[in-house]
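Peer 1: 3D, please:
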Amino acid sequence: MNIQEVFNSAAVDYDNLRRILIPCFDDFYKTAVEIISGDDTAPLKILDLGAGTGLYSGMVQSVFPNAEFTLLDLAPEMLEKAKGLAIK
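Peer 2: Residues are numbered from 1 along each chain as shown. All right, here's what the predicted structure looks like:
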């Protein structure tokens, strides 16, 4: 099994596992969003490499609703989950 297959098979439960495996999950992601500088109405262009399920991009979009996102990931199943989000 290669890395793409591993992440494809993990896509279903990936976001739930992140909350379990990352200590202080909410603080970690909150800080990662807060360090993005700019006006929250600015039309930012965001490239999310290794986007996974779009978890982080979704959090960024909640703060920067006018941002345009490009998500890339090795695992197509992860990106399929990201499509379910309201990310532009």
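
Peer 1: does the residue nearest to residue 43 when sequence neighbours are not counted belong to a helix, a strand or coil?
Peer 2: Closest residue to residue 43 apart from its sequence neighbours, by C-beta to C-beta, 6 or more residues apart in numbering: residue 66 at 4.9 Å. C-betas here are computed from N, CA, C, even on glycine. Under DSSP: H, G, I helix; E, B strand; the rest coil, residue 66 falls in the coil class.

Peer 1: which strand residues bridge residue 69?
Peer 2: Assessed by DSSP bridges, residue 69 has beta-bridge partners residue 46.

Peer 1: go ahead and confirm it touches residue 61.
Peer 2: Yes - counting by C-beta atoms under 8 Å, residue 69 touches residue 61, with 6.8 Å between them.

Peer 1: now do the same contact list for the residue nearest to residue 43.
Peer 2: Applying C-beta atoms under 8 Å, 6 or more residues apart in numbering to residue 66 gives the contacts 41, 42, 43, 44.

Peer 1: and which of those residues is nearest to residue 27?
Peer 2: Nearest to residue 27, judged by C-beta to C-beta, of the contacts of residue 66 is residue 44 at 23.0 Å.

Peer 1: hang on, isn't the closest one packed against residue 69?
Peer 2: No - judged on C-beta under 8 Å, residue 44 makes no contact with residue 69 at a distance of 9.0 Å.

Peer 1: list the buried residues of stretch 43-55.
Peer 2: 44, 46, 48, 51, 52, 53, 54, 55 (16 or more other C-beta atoms under 10 Å).

Peer 1: now the end-to-end length of it.
Peer 2: With C-alpha to C-alpha, to the nearest Å as the measure, the ends of stretch 43-55 fall 20 Å from one another.
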